[in-house]
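1. Sequence unavailable; structure follows:
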Ligand code: EPZ
């Protein structure tokens, strides 16, 4: 397993360019299954989870190819509407093919995702929403088997709790359901809006994507389209926090500043200088030691749970004590123990982490446990005195495109050690 070796202490400077959003590319690729015409997607990041989704599409019989930075999917020859355990166990977002497969072919057999490091992560809300649309669903032998031989029927759906991929899954099914579907308590994440933009280009009729009530007028069929995926807001936020924690002067380009407004607000409260320059650039400059500033993760437009670990790293060096509260996942503090090994002062009490800033962190050998936790450890290592090694960086490779090269180009002393 590859490791990162980092020697901390260099303030980052220069320009970090943000890749396309992994969490937008995944549903967009799944949406290609809804039509028998070719779909072209631009700005798809080259990360492990995307590779897994491409393999999954190929498994169903769709043809997937990359050409000059674009991904072309042709699902004309879709003949195996299933997502096998071997694939789903490596990426739970595979459940995103459930809605498209049952809408396009009338049946789907998708392995139930196991839990993952950050929580149980069931898909009961996906299943019940699809049943509302008329699918009959059995859950046996670890698989969800969905059938709708007569097609899907519009319904009024209300999610008990907000679910991002649950909203995306049922949106992709509703676009081919007969009649008008309402999805209430829908997720408002930018990735949901981006998916709706793609579906609309494919001929779907959708109103309200990006708000908590989405209306879908079902159509007979969808056609091919071309679409550019939005930039990755979590990568953008990770770079902003890298600029802060390394006491640097960093521009983040090719991003949508508005998508991380909650982070910007918090960092300004903490005393960082974060400026939005034009439509797609942010500049972060270190002025003085941050003030400890608490945060609670919430669904969008609240503070993103996917930035919680990275933000916590910054708070380990802030002046004072703050509370980081995680409301979305039940076990998303595994990075805290590893940060403690670097000298951080963090006490976990259920869903809350009480973080008391120290004057410095020291480099150490640490182990990544999940995608965003690995980013947190990298940020801490960039600020720590001395050398750190971060093991199991395959977690990082799932969602960040060539992160070590991007950080090295900003002046970081980081190298990948292949083992
Ligand atoms: C998406 O996961 C993202 N992944 C996650 O990013 C992100 O952390 C999460 O949304 C929250 O913003 C993708 O978009 C591929 P949820 P998702 O359904 O859709 C519970 C990353 O680091 N729930 O919004 O799986 C669930 O357990 C990843 O890039 C049910 O109980 O998250 C969680 O507690 C990590 N039943 C809460 O809802 C369900 O059927 C929110 O989960 C579905 C979800």
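-> In hand now; what should we look at? Just so it is clear, the structure is predicted and the values come from calculations on it, not from any experiment.
2. for the residue sitting furthest away from the middle of the chain, helix, strand, or coil?
-> Most distant residue from the mean C-alpha position of the chain: residue 150, 34.1 Å away (CA atoms, centre = their mean). Secondary structure state of residue 150, per DSSP: H, G, I helix; E, B strand; the rest coil, is coil.
3. quick one: it and residue 177, what's the gap?
-> 11 Å (CB to CB, to the nearest Å). To be clear about C-beta, it is placed using only N, CA and C from the backbone, and glycine gets the same treatment.
4. Next, show the common contact partners of these two.
-> residue 134 (CB atoms under 8 Å, 6 or more residues apart in numbering).
5. Within range of the ligand, give me the residues from the stretch 301-419 of the chain.
-> 305-306, 328-329, 371-372, 399 (CB under 6 Å from any ligand atom).
6. buried subset of the residues you listed?
-> 305-306, 328-329, 371-372, 399 (16 or more other CB atoms under 10 Å).
7. can you list the weak-confidence ranges in the protein?
-> Residues of the chain meeting the criterion pLDDT under 70: 114-115.
8. so what are the domain limits for it?
-> Listed by automatic domain parsing, the domain ranges of the chain are 3-19+231-417, 22-228.
9. Which residue ranges of the chain form helices?
-> Here the chain has its helices, by DSSP state H, at 22-31, 48-60, 85-88, 98-105, 124-132, 164-174, 190-201, 233-245, 261-269, 308-315, 334-341, 371-383, 394-397, 403-409.
10. what's next to the third one, contact-wise?
-> If I follow you right, that is helix 85-88. With CB under 8 Å, 6+ apart, helix 85-88 has contacts from 52, 55-56, 59, 94-95, 110-113, 142-143.
11. Restrict these to the buried ones and give me that as a PyMOL selection.
-> Selection of buried members from the contacts of helix 85-88 for PyMOL, criterion 16+ other CB under 10 Å:
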select buried, resi 52+56+59+94+95+110+111+112+113+143
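12. And the residue nearest to residue 197 when sequence neighbours are not counted, how far from residue 19?
-> Leaving out its chain neighbours, the residue that sits closest to residue 197 by CB to CB, 6 or more residues apart in numbering is residue 227, at 6.9 Å. With distances taken as CB to CB, residue 227 is found 16 Å from residue 19.
13. Leaving out sequence neighbours, find the closest residue to residue 413.
-> Residue 413's closest residue in space is residue 7 (CB to CB, 6+ apart), at 4.1 Å.
14. Show the contacting residues for the one you found.
-> 363, 386-388, 413.
15. at 7 Å instead, please
-> 386-387, 413 (CB atoms under 7 Å, 6 or more residues apart in numbering).
16. Sort out for me which of these are in strands.
-> Members of the contacts of residue 7 lying in strands (criterion: DSSP state E): 387, 413.
17. Any chance of TSV for the contacts of residue 7, columns distance to residue 296 and neighbour count?
-> Formatted as TSV, the contacts of residue 7 follow (distance: CB to CB, whole Å; neighbours: other CB atoms under 10 Å):
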residue	distance to residue 296	neighbour count
386	33	15
387	34	15
413	34	15
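18. I'd like to know which of the contacts of residue 7 is nearest to the ligand.
-> residue 413 (26.1 Å; CB to the nearest ligand atom).
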